[in-house]
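[1] here is a sequence together with a model predicted from it:
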Amino acid sequence: MGVAGRTSANAVASGCEASRPLHAIRRRRLLILLALVAAVAIAALLSLVIGAKNVPLGDTWHALTAPTGTENDIVIRSLRVPRTVLGVLAGIALGVAGALMQGHTRNPLADPGLLGVTQGAAFAMVAAVVGLGVTEPYGYIWFGLAGALAASAGVFALGTVGGRGTPTPVTLALAGAAVSAFMYALTSAIVLLDERAMDTFRFWQAGAIAGRGGGVIVQVLPFLAAGLLLAAANTTGLNALTLGEDVARSLGGSVPRTRAVGIAAITLLTGAAVAACGAIAFVGLIVPHLVRPLCGPDYRWLLPYSGLAGAAMLLIADVIGRIVARPGELEVGVVLALIGAPFFVALVRRRKPVRL
């Protein structure tokens, strides 16, 4: 897309605030962005301090800066730091992927799993457990990521059938539903026949950021970084696409390229997150709706807002899960489901449907 096209698309995307001075709009958006960063920092601090055993702030700081091998040092550095970092990364990935998914499908009820990524990852992981005897997260995470990528590629291929090589929001949604149902059926057949696969799938399906070491973070980090870079590159084209495909073409954009880049970003972000953490639902559905009133339809701001809000929401849900079930804990996926289900119902029952 040319410079003129980018300028026009981004100007229209911010048109709802055109009556306000540009510097006031930017200042307000930056202040909100800083507030979201602060929210993530506070949520991360709570994640480090609160658990089955609460650790005082002084001991937490000591464990981070000058550890001496005490029990609190081990708890913070070995358990809670990797858990918190993974929660931040997964929340950012799911939040950004959710905003992209809703934008590309023009569906306010869409979430990242619509591309079949979650069920593709589940099928590949249980197949690895049964066929290859892989039982550790460090092993089956690669199979989960490969399954997510394969499922998304299959959805994209099905979505282009009969569409002159360009998937539409409707064909993507239909193809995603079909692939997800097919993968879920295969996964169910496998886990019913193998107890090890059932145990692995049951824990993974709940969605959790606990019990994953730093090695899991290192494994998924390159895919998350690549997905975020593609998402950033997709913002201008998606801003134009929100005006309609004909307008996007008239502004010099390539609709097939924009869709392909967006789907690649969604696949990498969601695939890495679900392979590492399991089927964490509702983050990608909820956070774009929460932040859209703050930033408007401009995806240059909507994506970072969604990512930060997703990270804060996931960490807070994880902390709530530790508090309500002491001395045990509820998995973060369960807590998010309890929060997200009423939100989903309210979203469906709104008198004025959300317009994207």
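    On my side now, so go ahead. Numbering: from 1, shown residues only.
[2] now do the helices in the stretch 151-300 of the chain.
    For the stretch 151-300 of the chain, helices defined by DSSP state H, counting those that start in this stretch occupy the ranges 169-193, 195-206, 214-241, 245-250, 255-277, 283-295, 299-324.
[3] what about Pro67, which SS state?
    coil (DSSP: H, G, I helix; E, B strand; the rest coil).
[4] out of the helices of the stretch 151-300 of the chain, flag the one nearest Ala44.
    For the helices of the stretch 151-300 of the chain, proximity to Ala44 was assessed by Cβ to Cβ; helix 299-324 is nearest, at 6.1 Å. For glycine as for every other residue, the C-beta is placed from the backbone atoms N, C-alpha and C.
[5] angle of the closest one against helix 255-277?
    20 degrees (axes from the mean of the first three to the mean of the last three Cα atoms, to 10 degrees).
[6] re the thing from before, got the helices of the stretch 151-300 of the chain as JSON lines, with mean pLDDT and distance to Ala93 columns?
    Formatted as JSON lines, these follow (pLDDT from 0 to 100; distance: least, Cβ to Cβ, whole Å):
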{"stretch": "helix 169-193", "mean pLDDT": "85", "distance to Ala93": "18"}
{"stretch": "helix 195-206", "mean pLDDT": "77", "distance to Ala93": "17"}
{"stretch": "helix 214-241", "mean pLDDT": "90", "distance to Ala93": "5"}
{"stretch": "helix 245-250", "mean pLDDT": "76", "distance to Ala93": "26"}
{"stretch": "helix 255-277", "mean pLDDT": "88", "distance to Ala93": "4"}
{"stretch": "helix 283-295", "mean pLDDT": "90", "distance to Ala93": "9"}
{"stretch": "helix 299-324", "mean pLDDT": "94", "distance to Ala93": "8"}
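[7] quick one: which of these is nearest Ala63?
    helix 214-241 (15.2 Å).
[8] show me the contacts for the residue nearest to Thr270 when sequence neighbours are not counted.
    Closest residue to Thr270 apart from its sequence neighbours, by Cβ to Cβ, 6 or more residues apart in numbering: Pro112 at 3.9 Å. By Cβ atoms under 8 Å, 6 or more residues apart in numbering, Pro112 lies in contact with 94, 97-98, 101, 118, 266, 269-270, 284.
[9] and the helices in the stretch 1-150 of the chain, which stretches?
    Counting by DSSP H, counting those that start in this stretch, one finds helices in the stretch 1-150 of the chain at the ranges 3-13, 22-49, 57-65, 71-74, 81-105, 117-132, 137-160.
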